[in-house]
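1. Sequence and predicted structure, then a few things I'm wondering about:
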Amino acid sequence: MIYLLRHSIDDNTRKGGWSSAELTEEGVKLAQEIVEKLHKLRIDKIVCSDLVRAKQTCEIINKKLNLPVVFVQDLREFNAGVVSGMKYDEADRLYPLPPQVHKDMNFKYPNGETLGEFKNRVIEFYNNTIKPSDNVLYITHRNVISVIYNYINNSEWNFLDKKIIKIQHCSLFAINTIKGQIHKVI
């Protein structure tokens with residue numbers, strides 16, 4: 001079974017992207033709570049985004065699971081370029097989003113990646129890395145899970161799906177690669 005876990009709680013007053021945001025105290029506690037549920041699953045290894053908030057979530061979880069870990073860039077969140085780590089109000093003032101941005105796969109912030117590039121990066125990683133026989137926990141980010149969720153369900157991804165699917169911090173999704181199904185566990 002393949003599992004996708006969103007990292008724990010970080011500073012929600014700032015844009016995520018490729019920021020170096022760390023977990024909050026509340027985030028550390030939440031990661032410690034989720035590890036008890038993960039301990040009951042059959043997991044052979046962890047593959048984790050190399051961004052700080054994901055790595056910290058992984059370190060907390062792996063104190064109990066004690067599994068091999070691989071950190072990869074392909075599981076990173078959408079590269080929001082210059083607004084990564086910027087306060088939301090400042091980012092909105094300096095780089096206001098155009099209407100219908102969530103459907104514009106060519107949209108990107110300066111020094112970032114387009115939404116289309118992000119989507120393609122995630123799908124390519126999924127197709128080239130995830131194998132039906134694996135029992136792996138992937139620790140990643142909300143938009144990565146959203147892209148994979150839509151890809152498996154043969155639906156068109158857009159940037160607002162992350163709110164519709166309800167991918168909270170430490171949400172866990174299971175992928176049955178043989179049946180081509182994904183569902184929320186926690």
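-> Yep, it's here.

2. From here on, just use CA atoms for contacts and neighbour counts.
-> Will do.

3. got the contact list for Q181?
-> Contacts of Q181 were listed using CA atoms under 8 Å, 6 or more residues apart in numbering, and they are 152-153, 175.

4. go with 6 Å
-> With contact taken as CA atoms under 6 Å, 6 or more residues apart in numbering, Q181 is in contact with I175.

5. who does it bridge with?
-> In this structure, Q181 has the following beta-bridge partners (DSSP bridges): N176.

6. pLDDT score for it?
-> Q181 carries a pLDDT value of 83.

7. now the one 4 residues further on
-> Confidence at V185, expressed as pLDDT, is 86.

8. Show me the helices in the protein, by range?
-> 25-38, 52-65, 88-94, 115-129, 142-152, 161-164 (DSSP state H).

9. Provide a list of residue ranges in this protein with pLDDT below threshold.
-> Segments of the chain classed as low confidence (criterion: pLDDT under 70) are 162-163, 178.

10. centroid residue for it?
-> Centrality entry for the chain: nearest residue to the mean C-alpha point is H141, 1.5 Å, by CA atoms, centre = their mean.

11. thinking again about what came up before, out of the helices of the chain, nearest to D104?
-> Closest to D104 of the helices of the chain, according to CA to CA: helix 115-129, at 7.3 Å.
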